[in-house]
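>>> Got a predicted model here, sequence first, then my questions.
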Amino acid sequence: MGNTLISGGSRPSCPDKLRNMKKVRTSSPLLAALLMASLLTMSFTAQAGMQWKWRDTSGAIQYSDRPPPAGTPDSAILSRPAASARAAAKAADATASAASAAAAAQPAAAASKADPELEAKRKKAEEEKAAKQKAEDEKVAKAKADNCSRARSYQRTLSDGLRVVRTNAKGEREFLDDKARAEEMQRTQEAISANCN
């Protein structure tokens, strides 16, 4: 196939077309790399525009997509997000707040419409909890009553003037003298005040 003339021009042969196509294909990886580089650069700059930068109380520089904690002075804020980014961040915070408020309201509405079986289980759990609390209170009251009776018995022993022997830190028996007896009486009186109501 040779060159043929069509309306005064020449038509390239098929091998010439393929050669031109190969040139396009060899330049397309370069074009793709440039396109990827520009997209990455734009995404990084978009993220950087949404970043807060501030110096914390210890002097370290902090980066965040959220504003610095309350009480951070304006002089410590080194960079703020762009106005459009701030508006987007406020909108996202408002959306999150609305979603959490709706989620909190939903269980309350569902609880009022709960089926009787679920309501019975909840009531039974509350009764069991109240019974456990009552048993614990009774146990504490019994322990206080026992402590009270022991303290009053010991107080009678001390006030009757009987000789009282106790074991010291070395494991030796020692008799209480008048000073030690007065200290024991004081400690026993405090125990009676705490346990005998």
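Great, that's in hand.
>>> all contacts plus neighbour counts: C-alpha atoms, from now on.
Will do.
>>> Let me know whether Ala151 touches Arg187 as I believe.
No: Ala151 is beyond contact range of Arg187, at 9.4 Å (criterion: C-alpha atoms under 8 Å).
>>> which of those two has more neighbours?
Using other C-alpha atoms under 10 Å, the more surrounded residue of Ala151 and Arg187 is Ala151, with 22 against 14.
>>> And that one, which helix or strand is it part of?
helix 116-159 (DSSP states H and E).
>>> Can you spell out which helices and strands pack onto that helix?
Other elements packing on helix 116-159 under the criterion 3 or more C-alpha pairs under 8 Å, 6 or more residues apart in numbering; DSSP states H and E are helix 178-195.
>>> and the angle from the helix it packs on to helix 116-159?
Interaxial angle of helix 178-195 relative to helix 116-159 (axes from the mean of the first three to the mean of the last three C-alpha atoms, to 10 degrees): 160 degrees.
>>> Check which helices and strands helix 178-195 sits against.
helix 116-159.
>>> pLDDT on the very next helix or strand once past the helix it packs on, on average?
Toward the C-terminal end, the helix or strand that comes next after helix 116-159 (DSSP H and E) is strand 165-167. Strand 165-167 shows a mean pLDDT of 87 in the predicted model.
>>> quick one, what contacts Arg166?
Residues in contact with Arg166 (C-alpha atoms under 8 Å, 6 or more residues apart in numbering) are Arg173, Glu174, Phe175, Leu176.
>>> Just give the number of residues close to Gly171.
Here the number of neighbours of Gly171 (other C-alpha under 10 Å) works out to 8.
>>> Correction: the previous question concerned Lys144.
Using other C-alpha under 10 Å, Lys144 is surrounded by 18 other residues.
>>> And for the one 3 residues further on?
Neighbourhood size, Asn147 [other C-alpha under 10 Å]: 17.
>>> And it, how far from Ala120?
Distance from Asn147 to Ala120, counting by C-alpha to C-alpha, to the nearest Å: 41 Å.
>>> same thing with Asp74?
Computed as C-alpha to C-alpha, the Asp74 to Ala120 distance reads 56 Å.
>>> Might one say that Cys196 is in contact with Cys148?
Yes: counting by C-alpha under 8 Å, Cys148 is a contact partner of Cys196 at 5.2 Å.
>>> higher neighbour count, those two?
Each of Cys196 and Cys148 has its neighbours counted (other C-alpha under 10 Å); Cys148 has more, 20 against 16.
>>> Poorly predicted segments of the protein, please.
1-27, 41-50, 83-114 (pLDDT under 70).
>>> switch to 80 and redo it
1-50, 82-114, 197 (pLDDT under 80).
>>> does Lys170 count as helix, strand or coil?
Counting by DSSP: H, G, I helix; E, B strand; the rest coil, the backbone at Lys170 sits in coil.
>>> For it, grab phi and psi.
Note on Lys170: backbone dihedrals following degrees, to the nearest 10 are phi -80, psi 0.
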